[in-house]
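*Asks:* My questions are about this predicted structure, shown below with the sequence.
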Amino acid sequence: MYDVPDSPAGIPGSGLTGPWPVGHYAAKLRSRLREFARVQVFGEVFGFKAGRAKVWFELRDASGALPCSMWRREWDALGIGELADGAQVVAAGGCDYYAGSRASSPQFSFTVTGVRVAGEGDLLAQMERLRRALYAEGLTEPQKRLHRPALPRVVGVVTGEGGKARDDVLAGLRRRGWAGRVVWAFAPVQDRHAAPAITRALQDLAACEEVEVIVVARGGGSLADLFAFCDETLCRTVALLRVPVVSSVGHHTDHTLIDDVAAVACSTPTHAAEAAVPVDCGAARAALHGHAARLERQSRRAIVDRARTLARLSRAPAHHVAKHRTRLHQQLRELRASARRGIAAGERTNHASAAALARNGRAAELGTTRGGQRARLDAAALDRAAATARDRRRRDLGRLAVALAAHDPQRTLERGYALVEGADGEPVTTAAAAAAQPELSLRLHDGSVRVRPHGGVPSEAG
């Protein structure tokens, strides 16, 4: 170290050398780092990115990480291609340091001169071991046996507060036409604090009795970004929750351990929202309106049919009475005709008998005196018998005529009775039925009179 002209005064009381210009110290630091021995390191590749001049990636393991860079022409010469996250490689090289300037930032990197792909990374192996353990313990089944409501009233959502997954979940719920309530539980979804925070959020939502289903949503990313959703404690918590969990972590090709233990695993947050609300509320409302319209039409048809049946039944008594009235009138006419025929036949018989007796009397008068006297006596007896028979026949016919007159409805009307009929011409037999009629018809022996109930003025006379 040496003194630099025009340097500011140092910190009073400090025993450290300097002050030195930053560029001078950065150059010394670069020289010292480049003096470190060139070594081979191995770890898991994350965040591989290829530029026009260089390629960059990180090597990670459980205890640390190292930023690496390699010239693009040297990388292409290896013929490896792009490395997937989690792939384990061995990298040869050494430390390097870019000192930066007034317009750029400094940067440390492990400059790689050679690479060999070593196989599956520790993170992938760890995921596979945990997956086998969860399957062996049967923790992938409890969530799938839980009942998921077709139309939940309250849906819980665990996601990042500022992520796009939040908007995707809302879009999926709107697509369903769902009008329930969403309970949000925001948590970090990427870093070493994410798994405990997501676990607590799930437990808090499950403790809320109103929440019927929980959606865990996060967008895509590298395996390292999504590794929080492979945490053992988180997976065991999800498996034992009382509320069904719908997971949507990453894109179509991503598969985390929470997908194995959840009730349903979806490829996008939008699909997860639709899985949480299986019923398409808009389509269900349209179908319900259609069913209601059909029921209304059927109800109207049933009411009309019933009304027609009742109307037909209400006309039956009047038709029955009219039919019997016609039959009684016909029988009355037949009785009258039969009586007239009987009387006429009796009169003819009596006239014939009287003529015969007269002839016999005249013949007897032409006989002997004794015979004539006897004949006169017999004729007188016959006359008396005939007169008696005629009187008895007339009395019988009179009684029949009185009986016929007693059964004649017209005679009933002539004695001062009246037949009360409604506006439709049907008989009205009760006071309540008469009060319910707007107008009544009183049939008398010589015509009809229309009246209104409760002292109404007649409208017309017949």
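*Replies:* Great, that's in hand.

*Asks:* if you skip the residues just before and after it, what's nearest to residue 95?
*Replies:* In space, residue 95 comes closest to residue 33 once its chain neighbours are excluded; the distance is 4.2 Å by C-beta to C-beta, 6 or more residues apart in numbering. Placement of C-beta: from N, CA and C, glycine included.

*Asks:* Where does that neighbour sit: helix, strand or coil?
*Replies:* Per DSSP: H, G, I helix; E, B strand; the rest coil, the secondary structure class of residue 33 is helix.

*Asks:* other SSEs contacting the helix or strand residue 132 falls within?
*Replies:* Counting by DSSP states H and E, the element that carries residue 132 is helix 122-136. Judged by 3 or more C-beta pairs under 8 Å, 6 or more residues apart in numbering; DSSP states H and E, helix 122-136 is in contact with helix 223-226, helix 232-239, helix 257-261.

*Asks:* And those: which comes nearest residue 418?
*Replies:* helix 232-239 (91.9 Å; C-beta to C-beta).

*Asks:* Pull out the buried residues from the closest one.
*Replies:* Residues of helix 232-239 classed as buried: 234-239 (neighbour count, 16 or more other C-beta atoms under 10 Å).

*Asks:* try stretch 80-90
*Replies:* Quick answer for stretch 80-90 (16+ other C-beta under 10 Å): 83, 85-89.

*Asks:* quick one, domains of this structure?
*Replies:* Following automatic domain parsing, the chain resolves into domains at 22-120, 126-279, 289-407, 409-462.

*Asks:* tell me the contacts of residue 129?
*Replies:* Not one residue lies near residue 129 by C-beta atoms under 8 Å, 6 or more residues apart in numbering.

*Asks:* ok, so what distance separates it from residue 136?
*Replies:* 11 Å (C-beta to C-beta, to the nearest Å).

*Asks:* same thing with residue 248?
*Replies:* Distance, residue 248 to residue 136, using C-beta to C-beta: 26 Å.

*Asks:* Between these two, which is the more surrounded one?
*Replies:* Higher neighbour count among residue 248 and residue 136: residue 248, with 30 against 9, using other C-beta atoms under 10 Å.

*Asks:* Pretty sure that one sits against residue 219.
*Replies:* No - between residue 248 and residue 219 there is no contact under C-beta atoms under 8 Å: 9.1 Å.

*Asks:* Please identify every residue contacting each of the two.
*Replies:* 165, 269.

*Asks:* can you give me phi and psi for residue 10?
*Replies:* Here is the backbone geometry of residue 10 (degrees, to the nearest 10): phi -80, psi -180.

*Asks:* list the contacts for it?
*Replies:* When contacts are counted by C-beta under 8 Å, 6+ apart, residue 10 touches 16, 18-19.

*Asks:* can you give me the strands in this protein?
*Replies:* Using DSSP state E, the strands found in the chain span residues 39-50, 54-61, 64-71, 87-98, 107-120, 154-159, 181-186, 213-218, 245-249, 264-265, 419-421, 440-444, 447-451.

*Asks:* Just put those strands in TSV and tack on mean pLDDT and distance to residue 205.
*Replies:* Shown next, in TSV, are the strands of the chain (pLDDT from 0 to 100; distance: least, C-beta to C-beta, whole Å):
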stretch	mean pLDDT	distance to residue 205
strand 39-50	87	31
strand 54-61	89	32
strand 64-71	90	33
strand 87-98	86	36
strand 107-120	80	35
strand 154-159	91	4
strand 181-186	90	5
strand 213-218	89	5
strand 245-249	87	9
strand 264-265	86	16
strand 419-421	82	78
strand 440-444	82	77
strand 447-451	82	80
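
*Asks:* Taking the centroid of this protein, which residue is nearest it?
*Replies:* The centroid of the chain falls nearest to residue 284 when counting by C-alpha atoms, centre = their mean (4.9 Å).

*Asks:* and the gap between it and residue 151?
*Replies:* Distance from residue 284 to residue 151, counting by C-beta to C-beta: 8 Å.

*Asks:* do residue 241 as well
*Replies:* Applying C-beta to C-beta, one obtains 21 Å for the distance of residue 241 from residue 151.

*Asks:* Return the alpha-carbon coordinates of stretch 233-249 using CSV.
*Replies:* Taking Å, rounded to 0.1, in the frame of the first residue of the first chain, the C-alpha atoms of stretch 233-249 are listed here in CSV:
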residue,chain,number,x,y,z
THR,A,233,-44.1,-29.8,7.1
LEU,A,234,-46.3,-28.0,4.6
CYS,A,235,-47.2,-31.2,2.8
ARG,A,236,-48.1,-33.0,6.0
THR,A,237,-50.2,-30.1,7.2
VAL,A,238,-52.1,-30.0,3.9
ALA,A,239,-52.7,-33.8,4.1
LEU,A,240,-54.3,-33.6,7.5
LEU,A,241,-56.5,-30.5,7.1
ARG,A,242,-60.2,-30.9,7.5
VAL,A,243,-60.9,-28.6,4.5
PRO,A,244,-60.2,-29.7,0.9
VAL,A,245,-57.3,-28.0,-0.7
VAL,A,246,-57.0,-27.2,-4.4
SER,A,247,-53.4,-26.6,-5.5
SER,A,248,-52.2,-24.7,-8.5
VAL,A,249,-48.4,-24.2,-8.3
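
*Asks:* want to try TSV for the domains of the chain, with distance to residue 7 as columns?
*Replies:* Putting those into TSV (distance: least, C-beta to C-beta, whole Å) gives the following:
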stretch	distance to residue 7
domain 22-120	10
domain 126-279	41
domain 289-407	85
domain 409-462	120
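
*Asks:* Confidence-wise, which of these is weakest overall?
*Replies:* Across the domains of the chain, domain 409-462 has the smallest mean pLDDT, namely a mean of 74.

*Asks:* So what's the residue count around residue 32?
*Replies:* 11.

*Asks:* If you could redo that for residue 267, that was the one I meant.
*Replies:* For residue 267, the neighbour count with other C-beta under 10 Å is 16.

*Asks:* Make sure it is actually in contact with residue 249.
*Replies:* No - if you go by C-beta under 8 Å, residue 267 and residue 249 don't touch, sitting 9.8 Å apart.

*Asks:* Tell me where this protein has helices.
*Replies:* 22-34, 72-78, 122-136, 142-145, 164-175, 194-207, 223-226, 232-239, 257-261, 269-276, 281-365, 369-407, 409-414, 431-436 (DSSP state H).

*Asks:* For residue 44, find the nearest of the ones you listed.
*Replies:* Set against residue 44 and scored by C-beta to C-beta, the helices of the chain come closest in helix 122-136, at 5.7 Å.

*Asks:* Centre of the chain to the closest one, how far?
*Replies:* Taking C-alpha atoms, centre = their mean, to the nearest Å, one finds helix 122-136 lying 43 Å from the centre of the chain it belongs to.

*Asks:* need the helices and strands packed on helix 122-136 in JSON lines with distance to residue 169, can you?
*Replies:* Compiled in JSON lines, the helices and strands packed on helix 122-136 are given as follows (distance: least, C-beta to C-beta, whole Å):
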{"stretch": "helix 223-226", "distance to residue 169": "18"}
{"stretch": "helix 232-239", "distance to residue 169": "18"}
{"stretch": "helix 257-261", "distance to residue 169": "16"}
